[in-house]
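>>> Give me coordinates for this.
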Amino acid sequence: MKGLELSRLCYEQSGRPALEAQFPELFPRMAAGLAGEGSECFGFDDAFSRDHDWGPGFCLWLNRPDYLAFGPRVQELYDALSSEWETRYEAFKDMLPVLSPEKLYLSDLICAAHVLWQEELAEQYPRLTGHGRPIRKENDGPGITSFETYLRGELLTYSVESLRLYAAFVDKSKKERVNLCEQILRNTVQQYGFSTLEEAESRQP
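Below you'll find the model as predicted:
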């Protein structure tokens, strides 16, 4: 199932009836759809290529006066519907591709290495890394997605062949004592004008 189809089902079967019932006067002025940077918004997603935010949901647009008057209440209803969709996973799980044992194994292997690297960074640069996500999945919560969970979700969209290559690169980096997370962070701070991670760390509030 493509993301647009899933979004349409969520809206037609759950979102639209609830919105019409709770906001009968506002509903005719609402617009619904799916927008963003994910491949599903353009119809490019398939069983082997899905962005990390792929899943049930849709977007709503209100004009400014309606947003100011009804925005919080509409958001509250949407959040409640989102929780409902999670409990309805059984209804569409058979439409999703089955993850092979090898894909799960390779994803866990890669993820474990990155979690340890990220924890090393947190010890060395606590203020710099403190702006990011919590590291381990045990710290997931409502509205909070850990580095580990986010990364695993991304990895599970990769092909098995890509994961094999990635796992080999991770293994090579570990043997050479190269922290890939540190390389990524170093490149990031340099884009912001810092020469080193130490300089970026010292400039954090």
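>>> Centre of the chain to the edge, which residue is at the far end?
Relative to the centre of the chain, the most outlying C-alpha is that of residue 25, 33.9 Å out, by C-alpha atoms, centre = their mean.
>>> What is the burial count for residue 29?
Residue 29: 13 surrounding residues under other C-beta atoms under 10 Å. Where C-beta positions appear, they are placed from N, C-alpha and C, glycine not excepted.
>>> what secondary structure does the closest residue to it other than its chain neighbours sit in?
Distances taken as C-beta to C-beta, 6 or more residues apart in numbering place residue 66 nearest to residue 29, at 6.0 Å, with adjacent residues excluded. Assigned by DSSP: H, G, I helix; E, B strand; the rest coil, the conformation of residue 66 is helix.
>>> I'd say residue 66 and residue 26 touch.
Yes. Counting by C-beta atoms under 8 Å, residue 66 does reach residue 26; the two are 6.0 Å apart.
>>> just to revisit the earlier point, could you measure from the residue nearest to residue 29 over to residue 30?
As judged by C-beta to C-beta, to the nearest Å, residue 66 and residue 30 stand 8 Å apart.
>>> any idea how far residue 198 is from residue 189?
Distance from residue 198 to residue 189, counting by C-beta to C-beta: 10 Å.
>>> In terms of packing, which of these two has more residues around it?
Each of residue 198 and residue 189 has its neighbours counted (other C-beta under 10 Å); residue 189 has more, 19 against 13.
>>> my guess is the more buried one meets residue 131, correct?
No. Under the criterion of C-beta under 8 Å, residue 189 is not in contact with residue 131, lying 11.4 Å apart.
>>> For whatever helix or strand residue 198 lives in, buried residues please.
Residue 198 belongs to helix 197-202 when elements are defined using DSSP states H and E. Neighbour counts over helix 197-202 (16 or more other C-beta atoms under 10 Å) mark 197, 200-201 as buried.
>>> Of those residues, just say which sits nearest to residue 179.
residue 197 (10.8 Å; C-beta to C-beta).
>>> what residues are up against that closest one?
Going by C-beta atoms under 8 Å, 6 or more residues apart in numbering, residue 197 touches 124-125, 128, 182, 185-186, 189.
>>> Inside helices: which ones of the residues you listed?
Of the positions in these, 124, 128, 182, 185-186, 189 sit in helices, assigned by DSSP state H.
>>> what's the distance between residue 66 and residue 203?
In this view, residue 66 and residue 203 are 42 Å apart by C-beta to C-beta.
>>> Least confident secondary structure element in the protein?
Ranking every helix and strand in the chain by mean pLDDT, DSSP states H and E puts helix 89-92 at the bottom, with a mean of 60.
>>> Please confirm that residue 150 is located within a helix.
Yes. Residue 150 forms part of a helix when assessed by three-state DSSP.
>>> Next, count neighbours for it.
By other C-beta under 10 Å, 16 other residues sit near residue 150.
>>> returning to what we had before: from the buried residues of helix 197-202, which single one is nearest residue 9?
Lowest distance from residue 9 to these (C-beta to C-beta) belongs to residue 200, with 44.8 Å.
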